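[1] What would the 3D arrangement of this be:
(one chain, ligands or ions: 2)
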Amino acid sequence: MGKTTAEKIFAAHLVDEPFSGTKVLRLDVVLCHEITTPIAIVDLVERGKDRVFDPSKIKAVIDHVTPAKDSKTATQAKILRDWARRQGIKDFFDVGANGVCHALFPEKGFIRPGNTVIMGDSHTCTHGAFGAFAAGVGTTDLEVGILKGVCAFREPKTIRVNVNGELPKGVYAKDVVLSLIGRIGVNGATDRVLEFRGSTVDAMTMESRMTLCNMAIEAGGTSGICMPDMTTVDYLWPFIQGEFASREAALQEYSRWCSDSDAVYEQTIEINAAELVPVATFGYKPDQVKPVTDFDNARLDQIYLGSCTNGRLEDLRIAAQILKGHTLADNVRGILSPATPKIYRDAMKEGLIDIFLDAGFCVTNSTCGACLGMSNGVLAEGEVCASTTNRNFNGRMGKGGMVHLMSPATAAASAIEGKIADPRNYL
Ligand SMILES: CC(C)[C@H](C(=O)O)[C@@H](O)C(=O)O
Ligand code: SF4
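    Numbering: from 1, shown residues only. Ligands and ions are numbered 1, 2, ... in the order given. Prediction:
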């Protein structure tokens, strides 16, 4: 019987099976940020276990609130910073070099096909775009991961999502994944891997694949996964060229992680790309999704472009293309947080930042900040934000505030009109 990508990765990393169904896997990468890792660090220090299994396999960033906004966040950053220095963690990204974890780490080439990756962050599933098994974990698992380089998982079943056909004008990876979540619900993939397949996914950039995998958790999924292919190799090439004689050789090596043609799936979902339309969420759950054309004058106060879902260069390009020559509607303010310093710099070189500034946007440094309502764009009670992020929970971007999730194109069109708008009218 053939194996799925997740099954292959589990088999290749298995170190123990203490109970039936629970598998202890060897970890290739442990990712850390300043919100969850300091809790683990303090506990490890208290227990006299201030060690790490392998400093070269640990990558850390201060990204959620940076530069620190108060004493508490400064302390969290300091705990992570001191630990990284103490443990000799070279891949540590501090103020000036830091960006949103799930955008920064892939950009640095840290995630490879077939890898096992954990982080104390629910959107770790993003890294599955590289054909890796990447899962968010709690503090206890994170501590064990940091100390021993292993993590226990129940082997997840895989749901295959076939997306075929060409995406219509104004429809992007965000619309695909929001439409999927709208269909299967916020628990539709609980404890499952969502494997994204089909010609639409094959044609996607790594950035778009990351957008797809990023939101697997919003349907309850443990990880999203895409098949490694030449797009993956091309993205990683600057980092792997020393390891392989040619791109073809790299592709051959990475292809072994692709699901077998006779792999068994728990369920297969078919999505016809041609039928998709630009969508946005309307409630406090990511599965409350409807076409943008069904919003009747939905009032907005803020537009937010950024995050690990849609703060990448391709997202900024799409939004800038729509915003060019326009300004923000009178009733809204706009905030752009390019997800990493490289994205920021590239956007500057391409003239995109000028377009945002000309439109009236405030451009912040690279941080999660507003996405989780901690800094750089927190909503006031009763305010509404059109956002390219991944969570619309009640109060997510500020107590009493509401969030509509959408693609960068829809956010840009909405910025111009001051209400949820159809990007197709601007393309
Ligand atoms: C702070 C962190 C634990 C959290 C997460 O796990 O997702 C954050 O990144 C978020 O998006 O809410
Ligand atoms: S950008 Fe938002 S969703 Fe992504 S890691 Fe940061 S807080 Fe979490």
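[2] Do a quick rundown of the strands in the stretch 101-250 of the chain.
    In the stretch 101-250 of the chain, the segments counted as strands under DSSP state E, counting those that start in this stretch are 116-119, 133-136, 150-154, 157-164, 192-197, 223-226.
[3] so which of those strands comes closest to E243?
    strand 116-119 (18.5 Å; C-beta to C-beta). The way it works is simple: take the backbone N, C-alpha and C, and place the C-beta from them, glycine included.
[4] which outside residues touch the closest one?
    9, 13, 25-33, 36, 101, 111, 124, 127, 132-137, 141-142, 145, 151 (C-beta atoms under 8 Å, 6 or more residues apart in numbering).
[5] Could you list which of those residues also contact ligand 2?
    For ligand 2, the contacts drawn from the contacts of strand 116-119 by C-beta under 6 Å from any ligand atom are C101.
[6] about what we covered before: tell me which of the strands of the stretch 101-250 of the chain lies nearest to ligand 1.
    Nearest to ligand 1, of all the strands of the stretch 101-250 of the chain, is strand 133-136, at 5.8 Å by C-beta to the nearest ligand atom.
[7] now V100: how far from ligand 1?
    As for V100, its distance to ligand 1 is 9 Å (criterion: C-beta to the nearest ligand atom, to the nearest Å).
[8] Show me what from the protein comes close to ligand 1.
    Residues of the chain lying near ligand 1 (C-beta under 6 Å from any ligand atom): 35-36, 64, 121-123, 136, 372.
[9] For those, pick the one with the most neighbours.
    H123 (28 neighbours; other C-beta atoms under 10 Å).
[10] Quick check: buried residues in stretch 348-362?
    352-353, 355-356, 359-361 (16 or more other C-beta atoms under 10 Å).
[11] Equivalent analysis for stretch 79-97, please.
    79-81, 83-84, 87, 89, 91-94.
[12] isn't I353 right up against V363?
    Yes: I353 is within contact range of V363, at 6.0 Å (criterion: C-beta atoms under 8 Å).
[13] Now the common contact residues for the two.
    Counting by C-beta under 8 Å, 6+ apart, the residues touching both I353 and V363 are Y344.
[14] Next to ligand 2, which bits of the protein? Give me the list.
    So the chain meets ligand 2 at 64, 100-102, 121, 123, 307-308, 368, 371-372, 389-390 (C-beta under 6 Å from any ligand atom).
[15] all strands in the stretch 301-427 of the chain, in order from the N-terminus.
    Under DSSP E, counting those that start in this stretch, the stretch 301-427 of the chain gives strands at 302-306, 333-337, 361-363, 384-387, 402-405.
[16] and among these, the most buried is which?
    strand 302-306 (a mean of 29; mean count of other C-beta atoms under 10 Å).
[17] contacting residues for L323?
    355-356, 359, 412, 415-416.
[18] 6 Å instead, please
    Listed by C-beta atoms under 6 Å, 6 or more residues apart in numbering, the contact partners of L323 are 355, 359, 412.
[19] Likewise for L328?
    334, 359-360, 415.
[20] out of those, what pair is the most spread apart?
    G360 and A415 (8.5 Å).
[21] Which residue is it, in the stretch 1-150 of the chain, that comes closest to ligand 1?
    Counting by C-beta to the nearest ligand atom, the stretch 1-150 of the chain gets nearest ligand 1 through S122, at 3.5 Å.
[22] Show me what the spatially closest residue to that residue that is not a sequence neighbour is bridged to.
    Take S122 and drop its neighbours on the chain: the residue closest to it by C-beta to C-beta, 6 or more residues apart in numbering is G136, 4.2 Å away. Assessed by DSSP bridges, G136 has beta-bridge partners M119.
[23] Outline the domain layout of the chain.
    As given by automatic domain parsing, the domain ranges for the chain are 5-154, 157-275, 281-426.
[24] so how far is the first one from its chain's centroid?
    Okay, so that is domain 5-154. 15 Å (C-alpha atoms, centre = their mean, to the nearest Å).
[25] can you tell me the average pLDDT over that domain?
    In this model, domain 5-154 has a mean pLDDT of 98.
[26] what's the answer for the second one, then?
    Averaging pLDDT along domain 157-275 gives 98.
[27] Just flag the most distant two among the buried residues of stretch 348-362.
    Longest span within those, C-beta to C-beta: L352 and G360, 14.7 Å.
[28] Out of the contacts of L328, which comes closest to A347?
    A359 (13.4 Å).
[29] So which elements touch the helix or strand that contains P38?
    Assigned by DSSP states H and E, P38 belongs to helix 37-46. Counting contacts by 3 or more C-beta pairs under 6 Å, 6 or more residues apart in numbering; DSSP states H and E, helix 37-46 packs against helix 71-86, helix 139-148.
[30] State the paired neighbours of the helix or strand just after it in the sheet, together with their directions.
    Remark: after helix 37-46, the chain's next helix or strand is strand 58-61, criterion DSSP H and E. In the sheet, strand 58-61 lines up against strand 29-33 (parallel), strand 92-93 (parallel) (DSSP bridges).
[31] just to revisit the earlier point, just the ones of the contacts of L323 in helices?
    Counting by DSSP state H, those place 355, 359, 412 in helices.
[32] Of those, just say which sits nearest to ligand 1.
    Nearest member of these to ligand 1, counting by C-beta to the nearest ligand atom, is A412, at 22.6 Å.
[33] Please report how far that closest one lies from ligand 2.
    From A412 to ligand 2 the distance is 19 Å (C-beta to the nearest ligand atom).
[34] That residue contacts I322, doesn't it?
    Yes: using C-beta atoms under 6 Å, A412 is in contact with I322, at 3.9 Å.
[35] So for those two, which residues contact both of them?
    With C-beta under 6 Å, 6+ apart as the test, A412 and I322 reach no residue in common.
[36] Specify which residue of these two has the higher count of neighbours.
    Neighbour count, other C-beta under 10 Å: between A412 and I322, A412 has more, with 32 against 25.
[37] quick one, what contacts that one?
    A412 neighbours (C-beta under 6 Å, 6+ apart): 319, 322-323.
[38] Now with 8 Å, please.
    303, 305, 318-323, 423, 426.
[39] Nearest to ligand 1 among those residues?
    The nearest one, if we look at the contacts of A412 relative to ligand 1 and count by C-beta to the nearest ligand atom, is L305, at 16.3 Å.
[40] Just list the residues touching the closest residue in space to the closest one that isn't next to it in sequence, thanks.
    Closest residue to L305 apart from its sequence neighbours, by C-beta to C-beta, 6+ apart: L336 at 4.7 Å. Going by C-beta under 8 Å, 6+ apart, L336 touches 305-306, 316, 356, 361-364.
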